[in-house]
Structures are given as structure tokens and as C-alpha cells.
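J.: sequence plus the predicted model coming up.
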Protein chains: 4
Amino acid sequence: MTGEAPTRVFLKLSTEKQQRIIKEAIHEFSRYGFHRASMNRLVERLGIAKGSLFQYFGSKEGLFQFVFDRCVSMAKDALRKIKSGNSGDASFYDKIRATAWAGIKFARENPEVYGLYLRLLFQEDFPLRDSLIRKLHIFSAEYLKHLILEGIERGEISPEIDVSTAVFFLDAVLDRFVQAYFVEFWDAESGIFRAEDEVLQNKIDNLVKIIARGFKGYNSES
Amino acid sequence: MTGEAPTRVFLKLSTEKQQRIIKEAIHEFSRYGFHRASMNRLVERLGIAKGSLFQYFGSKEGLFQFVFDRCVSMAKDALRKIKSGNSGDASFYDKIRATAWAGIKFARENPEVYGLYLRLLFQEDFPLRDSLIRKLHIFSAEYLKHLILEGIERGEISPEIDVSTAVFFLDAVLDRFVQAYFVEFWDAESGIFRAEDEVLQNKIDNLVKIIARGFKGYNSES
Amino acid sequence: MTGEAPTRVFLKLSTEKQQRIIKEAIHEFSRYGFHRASMNRLVERLGIAKGSLFQYFGSKEGLFQFVFDRCVSMAKDALRKIKSGNSGDASFYDKIRATAWAGIKFARENPEVYGLYLRLLFQEDFPLRDSLIRKLHIFSAEYLKHLILEGIERGEISPEIDVSTAVFFLDAVLDRFVQAYFVEFWDAESGIFRAEDEVLQNKIDNLVKIIARGFKGYNSES
Amino acid sequence: MTGEAPTRVFLKLSTEKQQRIIKEAIHEFSRYGFHRASMNRLVERLGIAKGSLFQYFGSKEGLFQFVFDRCVSMAKDALRKIKSGNSGDASFYDKIRATAWAGIKFARENPEVYGLYLRLLFQEDFPLRDSLIRKLHIFSAEYLKHLILEGIERGEISPEIDVSTAVFFLDAVLDRFVQAYFVEFWDAESGIFRAEDEVLQNKIDNLVKIIARGFKGYNSES
DNA sequence: CATGAATGAGAATTCATTCAT
DNA sequence: CATGAATGAATTCTCATTCAT
């Protein structure tokens, strides 16, 4: 009916309670996806009244959006951390390596958040899916674009390259790389799935070699 | 013993009826995924008795497997067609272009089959999901590997390249390319989504340029 | 509608086919009871058309009655065999022992027929149950009554005994004895369940001792 | 973990509502047995929502177990009442008479509970059937054994008797006696079915006479 | 503001029976 | 007379949401 945020009540709860609810909600959505997730089950695990959850978030959809926004924030924070962690004199290719590692680490440390992302990609048809995913992708595309422009300025990337194609390229390969680490069936050929750090480092080096040549025309890896 | 195919009954129906049922089933699964797809809804749209569908396929899962197998066959046929359509003296890069186009065309001509594939990718709680996806990926990975080895033999690809990384690379970029053409939210940056053929041709050329340099070290496109 | 026997068609089939159908039907009813038995399953196991079964017997109920009548005949034949097998000079108590053994043997040799009898007793509420069971019990009561009257004549049983009570007594104990041999949970105390022949013989002797004293007032076992 | 009793919700309802639900559930199970009993029908008769019944008991099986446990409690209470009602100087045979009467009375006062017991006896495909029946039989066998041992001590029963056979005997005859009072088809010969109290008294006396002689060797009834 | 019992539409699946071929 | 595809009511069970307390 009214567009007012029904989360006002929720935000008055103690931080511990808020966090427990968010944590269990992520768990539920990550495990079952949006439609198969059960408010009944969630409420039982939380040990709170069913009515309360609806008072806090209005509906299952409201809860999901709230929870997903939190996840996006976590992902953005992680990306910002790499950005700021990149020393000014690191090469474009070092930064790509660092980004690949950051993706793996984020998904390792937040497996359920990452699982939620995977589920969201193709599996579920619920309202606002597109806008939610866009929130993520605009952020990541901007980050990659920034990296590429910087690389061109520094002369590490050919100035003749089509920037949007390059962004698409990086996005596809990096996204798939993290997926291949976490999703077994996508590893049929590559040996990335839950590989040791050394193996991953080697894979990343090989990928960056190809990207480097592709973007520049000559070998520029360290 | 009683393990005989429960589709025996179905296969005796008139071809028209069979095809109508398959078509509507693909539609249903493609739109709603496995769990949210409704046998009730499907039966109502088909105008047949609920019991009939269960007589044909035994269960919702049985119907899904049957339908999915059909889709896999269609996809394999499409890939075989490219394979056989590739003239012997076409370069590796021509073949990559042809493959990208074939992907777009297949998805254009069978949007719901392609939609079903997208849905299947990340759904965890799914009957036989892993084996189904493997069926597809083994086929596509072998095809790409074959192309790459041929390219190395012909001297179009550097012999020092790591083959599994190259396969991973091609798979990721081509898969994502077709996805970006069909799924709006993945096009934030690239302008691929439902683009005109000329634009697509241009995008494909740009991609192949980068791949070519990355795989070889010098520009080898026609 | 009409009371005509629809089994006319069935009885024209080859003896082998008739017997196979009866055998599998007994199996189905014995395993699942009347209501849970499935004509679909039965027809599939038989490999004949579903319509045929209905042509032969009109309905599930018709099939059951036909099958059950056959079982009753088998039981009657078994009882008649004991009757005729009893030599004229065997004592009443010898005959009781023989009857107990005959019950065990019949159930051993026709476990599914006996299973059907057990199921029928209390489990199922279908039309004509009472009359079907009566068919059996009138026969068995008459047999026991005959035995008792003979025993009184021969002076093996007190003439003051209440005959109907004695019949009730024998019926209860013998019936329960065979049940305890076949139904595990009724053996909590007695050790009869699937006991060796020697143990059974011993149990029978003990029972007959008590019956003998109860019917006569003095010990008359061999 | 989540194994807490799902009847928590049910037990908070008003006593009247609880009792109405239990009463109608016993009625349904008693009339139709477990598998043929219908939650739909039950809910309709109760005039409550389908979901409520499942919230109370989790499943049809859960409802059955709850209801059956109640019935077992009622039966145990009845037996305890006889036990405590037996004055210390009553003879073994008086106690047997009292037990037979108690059985008749219990079944008269709780015809549907007794009907449920009868249904349970032979149904094979039943959740927890064996353990449920054992619950009952252990209780009754112990009671009878206790009576018999007491009778031997008091010199009312021959010390040479085989106790387990005697228990089996009493159990069979008493169980069948109550059954014959309630189930028409088992009365073909005895005239027990729904007989007047005087007739029953007579029948019981006759039975006890035979038991008495059988257990002792001489007439010991009052 | 918290509670949690009540709701009832909707899900997948089964099955005896019919009837056109 | 045999066949077996079609039927559709009935089954158990789930779940987001509401609202009186």
C-alpha cells in the first residue's frame, strides 16, 4: 500500500538480534533460493514470532531485498578495499591478479553471500531481480573500466583497444574464474575447483598472460 | 524389472500432440524453473487430464528429464552443424567467429531452450543437475579443445599456450557473450543485449582480436 | 447393475493364464490389502491390458471376491484332508494336535493366502467382508463341533461341557496359535513365532494338556 | 535439534477443542484405518482449516501416533483400575472373571478406541505398527503373568503348569472373547455378540470353568 | 509492539474405471 | 473380445500472510 520503509521497527532492535536475523536469512535464501526459502523454517530457526518478521520487513520480498542490499554492501566494501589497497605503482596486470584473488577470498569468507549471488544470476524469477543484479554489475564494471583506462594512460594497454569490449572480457573471465573455483561442474576442464593456493596462483598467471598479450600485443607479465 | 521407460505411452501419441506437450513443457520449465513449474498449470494450458501427464512421464522429474534430454540433443545437433559447416581451410579465428554466431542463432531460434539452460546453471536443489550440466559441458569443452589443438597444429596459436587455460578462456567468453545478448542485466557496459547483427559482428571482431593476440602474440585476423 | 457373472469370459481363458492371474492377484491383495491394492500395478505385472481385467471381473471388488472364494476353497480342501486323514481310532486330542499342525502347514505352504486371511480379519472395511469371513468360520466351527461331539460320544470329553463354549475355546486357541507362528508381535511371551518343529510340537503338547484337563477333568494325553 | 514435539501448538488449544479433535480423529481412524482415513474428511467434519491439523501434528502419521498414544493410555488406565480394584483375597478365577468384564466394559465405553485396536492388529504396511502393538501386549502379558504366578503361589494353579503357555492361553481366550462380543462375524457359533449381561456372565462362567480345570485339574470355581 | 494460531489455495501424485479403436 | 490412453476426483502436505489477543 504505502511506500514507507517498514524496516523502521527492525532497525530499533538490538544489534545482536538484527545480525542474527540477517545471518539466518542469508543462510536460508542462499540454501533454498528466493521462492523455495521458507519463512516458516526461518522463523523456527530464529525462535521469534512469525508475525514479527512480517512486521519488520512487510513481506518475504521485503526481507529478501533488505538482506540482499546488505550483501551488495559487503561486496562493494570488499572491492573498495582492493582499490585502496592497490599501491599506486602496481601495474595493471598486478591489479588484475589482485582482483582475481580478492574475488576468491571474498567468496571463501562469505560463501553464503556468494551462493546467494550465484542463485540470483539465473535461477530465480522474482521482482526486481534485474535491478538488484545491476547494482552489482555497474559497480564492478566501473571498477574494471577504471583499471583499464589507468592501464592505457600508463601505456600498459594498447590505446587502440575497444574499452567496452575489454571490460566485458575482464568481467567474463574473472567472474567465471571465481565460479569455477566454487561450482564443481564448471571445472570439467580447468582444475580450478577448490584448488590449492599455489595452483590458483599458477592459473591466474596463465590467464593474465593471455589477457596481457591480448590487451597489449606483447608479453608484459612480471 | 519394472524399469522400462515410462515414456512408452507418450511416444505412441501423435507427433503433433507430442510436440505440443514438449513445447509447452519447455515453456513452463524455462519460465519458472524446475521447482516453481506447475504440473497443474501445464496440464491446464495443454487441455489434457492431469493423470495423463503422469502416465506419460511418471513424475514431474521424469517430464523434466525427458524435456531436458531433447534440449541437449538440439544443442548438440547445432554444434555438430557448425563443426561440419566449417570448411577445412577456415582459420581458427574464423571458426571462433562462426561458433559465436552459432550460439547467438541457436538461442535466437530456441529462446526457451536457451532459457532453460540458463536456469539450470546455478540451481542447487535440483534432480540430477550436475550430471545434466556435465552432459553439456563435456561436449562443449571437447569441441573447443579440438579447435585449439587444430589451431596449434596449423601454427595459428602459440604452442607454448596452456591448453586447459585456453579452453577455460574461450568457454567463459563465448558463454558470456551469448548470455549478454539475451540477459539484459549483463549488458550494463557492453551494448550486446539484443543488438543488431552489424553491431554483433563488430563486437565479435573485437573479441576475436583480443583473443587472437592473447593466444598468439601477434595480430592474425583476416 | 445386472447380477450376471462377468467371470464367464475369464473362465474361457487357458488354465495357465487363469492361474497366473489368480496367483498375482492373491499376491497383490495379500501384500497391500484390498483398498491399497492397485489394479494398475497388478495389470503391469501381469502384462495384460487393464481393460481385460475389468472385462473378466467387472471391478476390483469382483476380482477380490473371485480370488477370495478360491482361497476359501483351498482352506476347505485342507480341512477336509485332515478330516479324511484322521484314522477312525485316533483320540480327540490326537485330532486337535493334527489340526494345529495342519493350520501351521497350510499357512506355511500358502503364506499369501494366509496373509490375505489375516488382512481380512480386521483391517479392511469393504463390502461383503462379514459374509466372506463367515464362509470360513461356519466351516471351521462345524468341523470343531463335529470333533467335540465325537469326543463326547467316545467318552473323551465330559458330557456336561457347554459345547458352544468349547467350540469357541478351541477356535480361539487354534487360530491364535497359527497367528503367533506367523505374526511376530504376537509372540512377545510364547516363543512360537517361526519356531522349529520340535519346539512347536512341545507347545502343542502343552496346549493340548491344558485343553484336555479343561474338557475332561483328568489328564488324557498320550 | 528441530526434533521438538510438533504437538506443542495443539496442546495450547482449549481443552474442548483438543478433545473434539481427538474424538473425531479416533472416529476417522477407527472407521477407515490408517491409510484410508482422510485428513480432508476429518478437517471438514471438524470445520477447521486443513493447515491447522498439519500445524498441530506435522503429518497424518503424527496425528495417528498422538491419537494412538492417548488410546493406549486409556487402556492402561483401565487395566490399572482392575488391578487396584481386585481385593487381596479374591481368587485367581474371580480375577479372570473381573478381567473379562473389564475388557467388555472398556470396549463398550470406548467402542472407537477398541475399534482402532482391532484395525491395528493385522495391518502390515503401517507406521510403527510393531512397536505400537508391542506397547500394548507387553503390558497385558505382564498383567496376566502376574495373575498366574500369584495363582500358583496361592495353590490355585498347578505348579507344574508351563507359565508361558498359560499366558498365551489366557491372552488368546480373553482377547477373542471381547472380539466376539464386538465383531459379528466371529460369533457364528457362540452367541456372545452383543449379548445381554446375564448371557455374558454365563459365558464367562463356562469359560472360567474350563480354564480352571485346565489349569488345576479339579473344579475350583466358587 | 509481539505473538503465533488460523487460513486455504496450491502443490505433486495415485487410481479405478471407461470407451473408442 | 482385447486393448490401453484418457480421465479427474481424491490424496497428503506446504506456506506466505493475517489478525485477535
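T.: Sure thing, it's come through. Residues are numbered from 1 along each chain as shown, chains lettered A, B, ... in the order given.
J.: where does chain A dip in pLDDT?
T.: A:1-6, A:86-88, A:122-125, A:127, A:187-189, A:217-222 (pLDDT under 70).
J.: go ahead and flag the most central residue of it.
T.: residue A:75 (5.3 Å; CA atoms, centre = their mean).
J.: that one and residue A:81, how far apart?
T.: Note on residue A:75: its distance to residue A:81, by CB to CB, to the nearest Å, is 11 Å. Using the backbone N, CA and C atoms, a C-beta is placed for each residue, glycine as well.
J.: repeat that for residue A:112.
T.: Taken as CB to CB, the spacing of residue A:112 relative to residue A:81 amounts to 20 Å.
J.: what of residue A:20?
T.: Between residue A:20 and residue A:81 the distance, using CB to CB, works out to 25 Å.
J.: my read is that residue A:163 contacts residue A:150, right?
T.: No. Under the criterion of CB atoms under 8 Å, residue A:163 makes no contact with residue A:150, lying 11.6 Å away.
J.: ok so, going back, which one's more surrounded, residue A:20 and residue A:81?
T.: Neighbours around residue A:20 and residue A:81, counted as other CB atoms under 10 Å in any protein chain shown, are more numerous at residue A:20. The numbers are 16 against 13.
J.: so what sits against both of residue A:163 and residue A:150?
T.: When CB atoms under 8 Å, 6 or more residues apart in numbering or on different chains defines a contact, no residue borders residue A:163 and residue A:150 alike.
J.: tell me the contacts of residue A:126?
T.: Per CB under 8 Å, 6+ apart, neighbours of residue A:126: A:34, A:35, A:61, A:64.
J.: would CSV of these with neighbour count and distance to residue B:57 be doable?
T.: Conversion of the contacts of residue A:126 to CSV gives the following (neighbours: other CB atoms under 10 Å in any protein chain shown; distance: CB to CB, whole Å):
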residue, neighbour count, distance to residue B:57
A:34, 22, 27
A:35, 15, 23
A:61, 13, 33
A:64, 23, 33
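J.: can you lay out these as a markdown table showing secondary structure?
T.: Formatted as a markdown table, the entries for the contacts of residue A:126 read as follows, by DSSP: H, G, I helix; E, B strand; the rest coil:
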| residue | secondary structure |
| --- | --- |
| A:34 | helix |
| A:35 | helix |
| A:61 | helix |
| A:64 | helix |
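J.: ok, and of the residues you listed, which contact chain B?
T.: Within the set of these, contact with chain B (CB under 8 Å from any CB of the partner chain) is found for residue A:35.
J.: show me where chain A has its helices.
T.: Assignment of helices within chain A using DSSP state H yields the ranges A:8-11, A:15-36, A:39-46, A:50-57, A:60-85, A:92-109, A:111-122, A:129-153, A:163-182, A:197-216.
J.: pull the second one out as PDB, backbone CA atoms only.
T.: Provided in PDB are the C-alpha atoms of helix A:15-36 (Å, rounded to 0.1, in the frame of the first residue of the first chain):
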ATOM      1  CA  THR A  15      22.400  -5.100  17.000                       C
ATOM      2  CA  GLU A  16      22.900  -8.700  18.100                       C
ATOM      3  CA  LYS A  17      19.300  -9.600  17.200                       C
ATOM      4  CA  GLN A  18      19.500  -7.700  13.900                       C
ATOM      5  CA  GLN A  19      22.600  -9.500  12.900                       C
ATOM      6  CA  ARG A  20      21.300 -12.900  13.900                       C
ATOM      7  CA  ILE A  21      18.200 -12.400  11.800                       C
ATOM      8  CA  ILE A  22      20.200 -11.200   8.800                       C
ATOM      9  CA  LYS A  23      22.700 -14.100   9.100                       C
ATOM     10  CA  GLU A  24      20.000 -16.700   9.200                       C
ATOM     11  CA  ALA A  25      18.100 -15.100   6.400                       C
ATOM     12  CA  ILE A  26      21.100 -15.100   4.200                       C
ATOM     13  CA  HIS A  27      21.600 -18.800   5.100                       C
ATOM     14  CA  GLU A  28      18.000 -19.600   4.100                       C
ATOM     15  CA  PHE A  29      18.000 -17.700   0.900                       C
ATOM     16  CA  SER A  30      21.400 -18.900  -0.100                       C
ATOM     17  CA  ARG A  31      20.500 -22.500   0.500                       C
ATOM     18  CA  TYR A  32      17.000 -22.500  -1.000                       C
ATOM     19  CA  GLY A  33      16.800 -19.500  -3.300                       C
ATOM     20  CA  PHE A  34      14.100 -17.000  -3.000                       C
ATOM     21  CA  HIS A  35      11.000 -19.000  -3.800                       C
ATOM     22  CA  ARG A  36      11.900 -22.200  -2.000                       C
END
